[in-house]
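**Q** coords please:
(2 chains)
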Amino acid sequence: MALAWVAPALLVVVATVQLSLALTQELTPWKGGGFGMFATVDEPGTRVIEVSVRTGGETQEVVLDDPEAVEPVASSWWLEAARSLPTEPLSARAADELDEVAWAEQDEGLAPVAPDEGEHGTIREIRVVRPALDGVAVSRETVATWSPRR
Amino acid sequence: MSASVAMASTRAVQDAWQQLRERVATASPLRTSAWATLLTVVPFSPGYALVPVLLVAAAGFSWPQLTHRAWFWFALAGLRLVALVPFDWPTLDNHHYLLTYWLLALGFAHLGPDPARTAALAGRLLIGFAFAAATIWKLLTPDFASGEFFRFLLATDGLPAPIGSWLPGSDGALMEANREAAGPVLVEGETTTLDESPLAPALGWLLAWWTVLIEAVVAFAFLVPLSLRWAGVRPVLLLVFIVTTYPIAPVIGFGWTLVAMAFAMVRPGDQRTLLALGAGALLILAAAALHLGGATLALVGVLLLLGYMRTSQRAWMSAGAPVAGLGSGLVVGEPWHAAAGIAVGLGVEALFAALRRRDWRPSALVAVLAAASAAAAWDSPSLAPLAWAGVAAGAAAAVWCGLLTPSRALHGEATH
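**A** Numbering: from 1, shown residues only, chains lettered A, B, ... in the order given. Alright, predicted model coming up:
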């Protein structure tokens, strides 16, 4: 009967790691195998990545609510990962990907575009923000901020 | 005329019900659980692992004895681990974890002398620990315990079932206005207060604490050893959870994994529990069909039932691969994906039927079906007709191979 305990023990180990990452590294409770879904509005879909980009001598704030906007110039995978778990290694890798992206002014401000349609910029800061609730009052809360050492 | 049609229909339904009861009366809980697991694993595998997972699962449908081998379940678990962990872990939903643990549990169960008892215990512990973790998270999260999480969902119609707009003092326009107000909060940083129905605070609190209560009770009942007399309460509690949760939030992958695990815990001969759990799985499917607006999803249920009612064991096993293919197509999203899913399922079944009967002619059709699946994988609506052509070819292959109308040879093969 010891064989029956192997998979459940694995579940307990993963869920414990997930709980620890969520409490110490801001992993969203919805992800990571800890069964925290439907417990909070803090899920990857409601988190937003904000980036400070320096282009043409000017620094601007860009909201990347859809990480796939950087495809196919850069991989959105690292942005998705940093949004769910905004640790330093994942944020650094996301910044590396964003360094490949060209930026141009669009209707709603600076946005990622095809390489020949914009200008490459330098990523100054990456922030992950999420909604915070107080009754039915909704405000924003910064989950994590990371600046590349350049 | 109409009276005779009505009588014939009634008789057909009665016959079908009788057939279903006879099948359930002789069903092995572990085999039923294996079948439900295979049906769940194909639709809820990532697109890039779909073909190998479907191949392995279809082999399990075609040769049920494979499901008695540990390596079969380890192969399915391994395929999911290789496909999911490196690529999808930041975005992976919890039912993927639970399903993979269950596949591993089935593998480990078949390494020992009593797979049925070992799988039953593993399923019970997996459900218990998953519900315990879910309860802990809900108690740890202040937004949940205060009811604010559900109030936010009720104010923005954030639940799959639009119950927020059904409340007095609320309607679709209010929901839309709230969503528009909440949208820019993260971008602009301004705090917004949403309007809500006067009943929403109480309902939010009630939904929150009912969820905590039922999940905690399920966790307790599944983790604590109970006497044989009291063990029967476990599936009842699980069904209470299913009936009160999934009509509002039909997470079909999670619900079906729970039912697949619960099947393994049913005592042999306990028809009522087996049927109740099956009804629970269909309820989840119906709720998902309502939410996704998919009449085709409801078709999965009908096909499932028809497949299960076939008197030839080989035939109802054979229905599994196309049904699983259809399910995967629907999960991917568009009707032509579903079409290609059926095509691939039928094609795989045709291939295995060819292997069983040492008749290789249907394999030519398999190539057509693979082309159809490639068309769907291409994700191009303009290639959808090719996917539908694949379905037609697959259906022809299925009839040819005697999958849907089992030939004497196949029937004989099943009874030997």
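
**Q** burial count for residue 42?
**A** Picked chain A for this. Residues near A:D42, counting by other Cβ atoms under 10 Å in any protein chain shown, number 23. The C-beta positions use only the backbone N, C-alpha and C, and glycine is treated the same way.

**Q** looking at chain B here, not the other one
**A** 28.

**Q** hmm, who's touching the longest helix belonging to chain A?
**A** Secondary structure of chain A read by DSSP state H shows that its longest helix is helix A:6-25. Applying Cβ atoms under 8 Å, 6 or more residues apart in numbering or on different chains, the external contacts of helix A:6-25 come out as A:27-29, A:31-36, A:85-87, B:97-98, B:101-102, B:104-105, B:108, B:122, B:125-126, B:128-130, B:133, B:136-137.

**Q** which parts of that helix are buried?
**A** Within helix A:6-25, the residues scored as buried using 16 or more other Cβ atoms under 10 Å in any protein chain shown are A:V6, A:A7, A:P8, A:L10, A:L11, A:V14, A:A15, A:Q18, A:L19, A:L21, A:A22.

**Q** need the next SSE after it, C-terminal direction.
**A** Using DSSP states H and E, the helix or strand that follows helix A:6-25 in sequence is strand A:48-55.

**Q** say whether chain B is contacted by that following strand.
**A** Yes. Judged by Cβ under 8 Å from any Cβ of the partner chain, strand A:48-55 comes into contact with chain B at A:V48.

**Q** surely A:S139 is within a strand?
**A** Yes. Secondary structure of A:S139 (DSSP: H, G, I helix; E, B strand; the rest coil): part of a strand.

**Q** list the contacts for the residue lying closest to it once chain neighbours are set aside?
**A** In space, and not counting its chain neighbours, A:S139 is closest to B:T191: 4.1 Å by Cβ to Cβ, 6 or more residues apart in numbering or on different chains. Neighbour list for B:T191: A:A137, A:V138, A:S139, B:V185 [criterion: Cβ under 8 Å, 6+ apart].

**Q** likewise for A:E43?
**A** Contacts of A:E43 (Cβ under 8 Å, 6+ apart): A:T28, A:P29, A:W30, A:K31, A:M37.

**Q** need phi/psi at it.
**A** phi -120, psi 160 (degrees, to the nearest 10).

**Q** residues near B:V212, how many?
**A** B:V212: 17 neighbours (other Cβ under 10 Å).

**Q** could you pull out the strands in chain B for me?
**A** B:192-193 (DSSP state E).

**Q** wait, B:A70 touches B:G112, no?
**A** No. Applying Cβ atoms under 8 Å as the test, B:A70 and B:G112 come out as separate, 9.0 Å apart.

**Q** farthest-separated two in the buried residues of helix A:6-25?
**A** Within these, two members stand farthest from each other by Cβ to Cβ: A:V6 and A:A22, at 24.8 Å.

**Q** and the gap between A:D99 and chain B?
**A** A:D99 sits 20 Å away from chain B when distances are taken as Cβ to the nearest Cβ, to the nearest Å.

**Q** which ones are touching that residue?
**A** Counting by Cβ under 8 Å, 6+ apart, A:D99 touches A:H120, A:T122, A:I123.

**Q** which of those residues lies closest to chain B?
**A** The nearest member of the contacts of A:D99 to chain B, counting by Cβ to the nearest Cβ, is A:I123 at 18.6 Å.

**Q** doesn't that closest one belong to a helix?
**A** No. Under three-state DSSP, A:I123 falls outside any helix and is assigned strand.

**Q** hey, what's it bridged with?
**A** Counting by DSSP bridges, A:I123 is bridged to A:V53.

**Q** what's in contact with the lowest-mean-pLDDT helix or strand in chain A?
**A** The weakest-scoring helix or strand in chain A, judged by mean pLDDT, DSSP states H and E, is strand A:109-113 (a mean of 83). With Cβ under 8 Å, 6+ apart as the test, strand A:109-113 has contacts from A:53, A:55, A:60-62, A:64, A:69-70, A:73, A:101-106, A:118.

**Q** quick check, pLDDT for A:T55.
**A** Looking at A:T55, its pLDDT is 85.

**Q** my error: substitute B:W205 in the last question.
**A** 94.

**Q** where are the low-confidence patches of the chain?
**A** Using chain A here. A:72-73, A:150 (pLDDT under 70).

**Q** chain B, not that one
**A** Those would be B:1-2, B:5, B:9, B:12-13, B:16, B:19, B:47-48, B:289, B:291-416, if you go by pLDDT under 70 across chain B.

**Q** before we move on, the earlier item: considering the contacts of A:E43, which possesses the most neighbours?
**A** Busiest of these [other Cβ under 10 Å] is A:T28, holding 28 neighbours.

**Q** I'd say that residue and A:R47 touch.
**A** Yes. Shown here, A:T28 and A:R47 form a contact pair, counting by Cβ under 8 Å, at 6.7 Å.

**Q** who touches both of those two?
**A** A:S84.

**Q** and B:V56, how far is that from B:V42?
**A** From B:V56 across to B:V42, the span is 9 Å (Cβ to Cβ, to the nearest Å).

**Q** show me the contacts for the closest residue to A:L85 other than its chain neighbours.
**A** Closest residue to A:L85 apart from its sequence neighbours, by Cβ to Cβ, 6+ apart: A:L27 at 4.6 Å. Contacts were defined as Cβ under 8 Å, 6+ apart; by that measure A:L27 touches A:Q18, A:L21, A:S84, A:L85.

**Q** widest-spaced pair of these?
**A** Greatest spatial distance among the contacts of A:L27 (Cβ to Cβ): A:Q18 and A:S84, at 11.1 Å.

**Q** what sits in contact with each of those two?
**A** In contact with both A:Q18 and A:S84: A:L27, A:K31, A:G32, using Cβ under 8 Å, 6+ apart.

**Q** nearest to B:G255 among those?
**A** For the shared contacts of A:Q18 and A:S84, the nearest to B:G255 is A:K31 (19.3 Å; Cβ to Cβ).

**Q** re earlier: let's see the longest helix of chain A as PDB, backbone CA atoms only.
**A** In PDB, the C-alpha atoms belonging to helix A:6-25 read as follows (Å, rounded to 0.1, in the frame of the first residue of the first chain):
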ATOM      1  CA  VAL A   6       3.800   8.100  -3.900                       C
ATOM      2  CA  ALA A   7       1.700  10.400  -6.100                       C
ATOM      3  CA  PRO A   8      -0.200  12.000  -3.100                       C
ATOM      4  CA  ALA A   9       3.200  12.700  -1.500                       C
ATOM      5  CA  LEU A  10       4.300  14.400  -4.700                       C
ATOM      6  CA  LEU A  11       1.200  16.600  -4.600                       C
ATOM      7  CA  VAL A  12       1.900  17.600  -1.000                       C
ATOM      8  CA  VAL A  13       5.500  18.500  -1.800                       C
ATOM      9  CA  VAL A  14       4.600  20.600  -4.900                       C
ATOM     10  CA  ALA A  15       1.700  22.300  -3.100                       C
ATOM     11  CA  THR A  16       4.100  23.200  -0.200                       C
ATOM     12  CA  VAL A  17       6.700  24.600  -2.600                       C
ATOM     13  CA  GLN A  18       3.900  26.600  -4.300                       C
ATOM     14  CA  LEU A  19       2.600  28.000  -1.000                       C
ATOM     15  CA  SER A  20       6.200  29.000  -0.100                       C
ATOM     16  CA  LEU A  21       6.800  30.700  -3.500                       C
ATOM     17  CA  ALA A  22       3.500  32.500  -3.300                       C
ATOM     18  CA  LEU A  23       4.200  33.800   0.200                       C
ATOM     19  CA  THR A  24       7.800  34.800  -0.400                       C
ATOM     20  CA  GLN A  25       8.200  35.400  -4.200                       C
END
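
**Q** good, wrapping up.
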